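J.: coordinates only, no sequence provided:
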């Protein structure tokens, strides 16, 4: 296995991380390292838990047997914990393949909370939150995120509206009515003054007029329009999140201190 | 079947459209209408061919037999042809499920040309352009587009660079180096003065330094950065297209004349 940090496998675990600690990996992650990646004793792994930054760990034991977990020793912290912009995605569940995709992309795009909402046109009423969390974890591992988005239990739209935190800007993806073009809306004073935001997307078929009125009655709301073509719900969510990160979120920053590996990799070529 | 235009099936066909003309649908579309949607004689259908706008047609004959096509009569033009912004997506092929997804989303987001590029880290060298075109057609039918993106045969990156049209702005999705934050780059004078643009995305693993240098040697180039997290190639393409449409493309417009059906639908509720 390569010795450059950017090629070390990157895993999310639930445990507390501190120097010298020994961790036993769960069977699935142990299987992934030994049988998929062919890792051996002495190999390095990157570990994060959503709280303590990213750590280098070393495989110290590879016990034989299906149910035995690999033992890792934590060597040192490689990245300190960083917070990400406070962006929620409140989205009506859609067909499984598209919703799974939405979870993966929302994680890459930096959502920190994903809130499924049940609306009157929502066809898909059940979502397996364990499966969604597994998708989010895998996407976080690959995207170099230091945290996993929190996937909340589904809420009916009226309940979400009732519990809405007053300081959070609601960004409604609307296809018609008084919606503003997205760049204009997100460049405006309201969007730029609110560091906490939530993007709301409807199911296939969209929100009803009544649901739109409920959302528009929230304390701070922007209705945005994503162009003249009809976007699927997952496309709308991804497009709106991209525009928000670009205009209001952490895509505005010029310097990132989080990717020394990438830079090292580029310089080597 | 409902009588409101927005629920009429919407189909792309290759033939020329003019009032009173009779069309015979190919077997697949005939099967879709009769067996999936249960359409019958007298039902209305929306038809577009990428050139003549959108037309209302009526089913005038449903011949029995698997290989026989439905016969449609063209009634009237419902929308005139409109051009869309001149945006290309030049993308290295990636794993099939993700590349199919990229085709679908690029169509919804208004790409008018999709140019697969072969780079030194491109693992997937073959792409079935018939399958990709079928995906783009389906996405165009659903997104209310009046045209289908042209899917070009794959080109090696050096050949693409050699044939590059000088007036077209190249927007390179780069993860490091001198790339500018996307909103800053696309709000700048260069991006706003160039109505013809192409977004370039690499394969899994990215472009090599040498390939980046080739792209940066094009006449007009912007390197953009899409935030601190590592995005998959398909996410980067979708995010960059969304930002371009929002800041330089047709998402800037406030009024769209293309969705009377949507508005009528909303008003009915």
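T.: Nice, I can see it. Just so it is clear, the model here is predicted, and its values are computed rather than measured.

J.: thought residue A:61 was touching residue A:71, still the case?
T.: Yes: in this structure, residue A:71 is within contact of residue A:61 by CB atoms under 8 Å, at 4.0 Å. All C-beta atoms are positioned from the backbone trio N, CA, C, and that covers glycine.

J.: neighbour count for these two, which is higher?
T.: Shown here are residue A:71 and residue A:61; by other CB atoms under 10 Å in any protein chain shown, residue A:71 has more neighbours (18 against 13).

J.: give the contact list for the more buried one.
T.: A:22-25, A:59-61, A:63 (CB atoms under 8 Å, 6 or more residues apart in numbering or on different chains).

J.: any low-confidence regions in the stretch 51-200 of chain A?
T.: Low-confidence segments of the stretch 51-200 of chain A, defined by pLDDT under 70: A:65-66.

J.: quick check: closest non-adjacent residue to residue A:184.
T.: In space, and not counting its chain neighbours, residue A:184 is closest to residue B:252: 7.4 Å by CB to CB, 6 or more residues apart in numbering or on different chains.

J.: what's the closest non-adjacent residue to the spatially most central residue of chain A?
T.: Centroid-nearest residue in chain A: residue A:107, 2.1 Å away (criterion: CA atoms, centre = their mean). What sits nearest to residue A:107 in space, not counting adjacent residues and going by CB to CB, 6+ apart, is residue A:139, at 3.7 Å.

J.: now do the same for the one you found: helix, strand or coil?
T.: helix (DSSP: H, G, I helix; E, B strand; the rest coil).

J.: again, but for residue A:192
T.: Going by three-state DSSP: residue A:192 is helix.

J.: same deal with residue A:170?
T.: strand.

J.: that one pairs with what?
T.: Under DSSP bridges, the beta-bridge partners of residue A:170 are residue A:198, residue A:221.

J.: what's the answer for the one 10 residues further on, then?
T.: Beta-bridge pairing of residue A:180, defined through DSSP bridges, involves residue A:224.

J.: in contact with it, which residues?
T.: Contacts of residue A:180 (CB under 8 Å, 6+ apart): A:188, A:222-225, B:254.

J.: can I get the residues you listed in CSV including distance to residue A:180 and neighbour count?
T.: Below are the contacts of residue A:180 laid out as CSV (distance: CB to CB, whole Å; neighbours: other CB atoms under 10 Å in any protein chain shown):
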residue, distance to residue A:180, neighbour count
A:188, 8, 14
A:222, 7, 22
A:223, 7, 20
A:224, 6, 26
A:225, 7, 22
B:254, 7, 9
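
J.: specify which member of those is nearest to residue A:9.
T.: Nearest to residue A:9 out of the contacts of residue A:180 is residue A:224 (CB to CB; 38.6 Å).

J.: can you pull the contacts of that closest one?
T.: Counting by CB under 8 Å, 6+ apart, the residues that residue A:224 touches are A:171-174, A:179-182, A:185-186, A:240, A:243.

J.: what residues does the stretch 51-200 of chain A put near chain B?
T.: Residues of the stretch 51-200 of chain A lying close to chain B by CB under 8 Å from any CB of the partner chain are A:101, A:105, A:108-110, A:142-145, A:175-177, A:180-184.

J.: from those, which land in helices?
T.: Secondary structure from DSSP state H places A:101, A:105, A:108, A:142-143, A:182-184 of those in helices.

J.: which one of those sits closest to residue A:33?
T.: residue A:142 (15.3 Å).

J.: quick check: closest non-adjacent residue to that closest one.
T.: Spatial nearest neighbour of residue A:142, chain neighbours left out: residue B:230 (6.8 Å); criterion: CB to CB, 6+ apart.

J.: and what about the one you found, helix, strand or coil?
T.: Assignment for residue B:230 (three-state DSSP): coil.

J.: tell me the spacing between it and residue B:107.
T.: To residue B:107, residue B:230 is 25 Å away according to CB to CB, to the nearest Å.

J.: residue A:45 contacts residue A:57, doesn't it?
T.: Yes: here residue A:45 reaches residue A:57: they are 4.9 Å apart, a contact under CB under 8 Å.

J.: between the two, what contacts are shared?
T.: residue A:72.

J.: ranges for the helices of chain A?
T.: A:27-31, A:96-108, A:129-143, A:157-162, A:182-187, A:189-193, A:209-216, A:233-247, A:260-268.

J.: just name the most buried of those helices.
T.: Among the helices of chain A, ranked by average contacts under mean count of other CB atoms under 10 Å in any protein chain shown, first place goes to helix A:233-247 (a mean of 27).

J.: for residue A:94, give me phi and psi.
T.: The phi/psi pair for residue A:94 (degrees, to the nearest 10) reads phi -130, psi -170.

J.: tell me who's in contact with it.
T.: The contact partners of residue A:94, by CB under 8 Å, 6+ apart, come to A:102, A:124, A:203-204, A:232-234.

J.: and if you look at residue A:111?
T.: Contacts of residue A:111 (CB under 8 Å, 6+ apart): A:87-89, A:149, A:241.

J.: nearest to residue A:77 among these?
T.: Using CB to CB, residue A:149 comes nearest to residue A:77 of those, at 22.5 Å.

J.: correct me, but the closest one touches residue A:115?
T.: No: counting by CB under 8 Å, residue A:149 sits too far from residue A:115 to count as a contact (10.0 Å).

J.: of these two, which one has the most company?
T.: More crowded of residue A:149 and residue A:115, by other CB under 10 Å: residue A:149, with 26 against 18.

J.: just to revisit the earlier point, can you tell me which of the ones in helices among the residues of the stretch 51-200 of chain A next to chain B is nearest residue A:247?
T.: Within these, the smallest distance to residue A:247 is 6.7 Å, found for residue A:183 (CB to CB).

J.: how about the nearest residue to that closest one, chain neighbours excluded?
T.: Once flanking residues are discounted, residue A:183 sits nearest to residue B:246: 4.1 Å by CB to CB, 6+ apart.

J.: quick one: the one you found and residue A:185 touch, right?
T.: No: if you go by CB under 8 Å, residue B:246 and residue A:185 don't touch, sitting 9.7 Å apart.

J.: sorry, back to before: JSON lines for the contacts of residue A:180, including distance to residue B:37?
T.: Output for those, formatted as JSON lines (distance: CB to CB, whole Å):
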{"residue": "A:188", "distance to residue B:37": "43"}
{"residue": "A:222", "distance to residue B:37": "37"}
{"residue": "A:223", "distance to residue B:37": "32"}
{"residue": "A:224", "distance to residue B:37": "32"}
{"residue": "A:225", "distance to residue B:37": "29"}
{"residue": "B:254", "distance to residue B:37": "35"}
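
J.: just the residues you listed now: which is nearest residue A:119?
T.: For these, the residue nearest residue A:119 by CB to CB is residue A:223; the value is 16.1 Å.

J.: what residues does that closest one make contact with?
T.: Contacts for residue A:223 (CB under 8 Å, 6+ apart) come out as A:172, A:174, A:177-180, A:185, A:212, A:216.

J.: what's the most distant pair in the residues you listed?
T.: Farthest-apart pair in these is A:185 and A:212; separation 15.4 Å (CB to CB).

J.: picking that back up, how about the ones in helices among the residues of the stretch 51-200 of chain A next to chain B, which pair is most distant?
T.: Maximum distance among these (CB to CB): 33.4 Å, for A:142 and A:184.

J.: I'd like the helices of chain A laid out as a markdown table, including distance to residue A:7.
T.: As requested, these are exported to a markdown table (distance: least, CB to CB, whole Å):
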| stretch | distance to residue A:7 |
| --- | --- |
| helix A:27-31 | 17 |
| helix A:96-108 | 20 |
| helix A:129-143 | 13 |
| helix A:157-162 | 42 |
| helix A:182-187 | 37 |
| helix A:189-193 | 39 |
| helix A:209-216 | 45 |
| helix A:233-247 | 27 |
| helix A:260-268 | 8 |
